[in-house]
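*Asks:* When you get a sec, could you give me coordinates for this:
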Amino acid sequence: MSDVRPVPEGQERFIPHLVVDGAAEAMEFYKKAFGAVEISRSLAPDGKRLMHASMKVGDSFFYLSDDFPEYNNGEKANPNALGHTPVTIHLYLEDCDAMFKQAEAAGAKIAMPPQDQFWGDRYGMLIDPFGHHWAFATHIADPTPEEMAAAAEKMFSQADEKQK
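*Replies:* Alright, predicted model coming up:
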């Protein structure tokens, strides 16, 4: 019987795998912007692109690789080439405001600055230079379901009024 674990220790969670145009540059950005730590990187046979890399922010892993359109019917798959991404990567932190300042200084675009939200988080969103969307939050309160419902109704009704 083998001692190899079917799920590697520390990787029991969902792990986002980002496709980027310029994975090596993205890794440097994530180090500056998020304090990410490089775990590993593997070059593709062309010796230029990254076939696979592993990074960690806090205790959360994420993977990334360069875009390989030659294995995707000639189509690029990174968010900048597609013009959007439907996915937001979310991470809870001790201090989301500090992460936003650090990420903005490194070149991230703030999509929604951190704000106290009705569900009990201080929450904001940003877009990295490679087109990926990130949300960072710090949990600050434990509202009841009734309090959340009332606050959500108030927020959405105010938004509806602004659109009229």
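*Asks:* by contact count, what packs against the longest helix anywhere in the chain?
*Replies:* Looking across the chain with DSSP state H, the single longest helix is helix 145-163. The helices and strands touching helix 145-163, judged by 3 or more CB pairs under 8 Å, 6 or more residues apart in numbering; DSSP states H and E, number zero. Using the backbone N, CA and C atoms, a C-beta is placed for each residue, glycine as well.
*Asks:* Can you tell me what sits against it?
*Replies:* 118, 119, 120, 143 (CB atoms under 8 Å, 6 or more residues apart in numbering).
*Asks:* Quick one: mean pLDDT for that helix?
*Replies:* The average of the pLDDT scores along helix 145-163 is 85.
*Asks:* Quick one: the strands in the protein, in order.
*Replies:* 17-20, 37-43, 50-57, 60-66, 88-92, 109-116, 121-127, 133-139 (DSSP state E).
*Asks:* Arrange the ones you listed in JSON lines, one row each, with mean pLDDT and mean neighbour count as further columns.
*Replies:* Formatted as JSON lines, the strands of the chain follow (pLDDT from 0 to 100; neighbours: other CB atoms under 10 Å):
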{"stretch": "strand 17-20", "mean pLDDT": "95", "mean neighbour count": "21"}
{"stretch": "strand 37-43", "mean pLDDT": "97", "mean neighbour count": "13"}
{"stretch": "strand 50-57", "mean pLDDT": "96", "mean neighbour count": "18"}
{"stretch": "strand 60-66", "mean pLDDT": "95", "mean neighbour count": "20"}
{"stretch": "strand 88-92", "mean pLDDT": "93", "mean neighbour count": "15"}
{"stretch": "strand 109-116", "mean pLDDT": "97", "mean neighbour count": "13"}
{"stretch": "strand 121-127", "mean pLDDT": "96", "mean neighbour count": "20"}
{"stretch": "strand 133-139", "mean pLDDT": "95", "mean neighbour count": "19"}
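*Asks:* Mind checking these for the one nearest to residue 31?
*Replies:* Proximity to residue 31 (CB to CB) singles out strand 37-43 among these, at 7.0 Å.
*Asks:* Run through the residues that contact residue 80.
*Replies:* Shown in contact with residue 80 (CB under 8 Å, 6+ apart): 21, 130, 131.
*Asks:* could the residues you listed go into CSV alongside pLDDT and neighbour count?
*Replies:* Output for these, formatted as CSV (pLDDT from 0 to 100; neighbours: other CB under 10 Å):
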residue, pLDDT, neighbour count
21, 95, 17
130, 97, 20
131, 97, 18
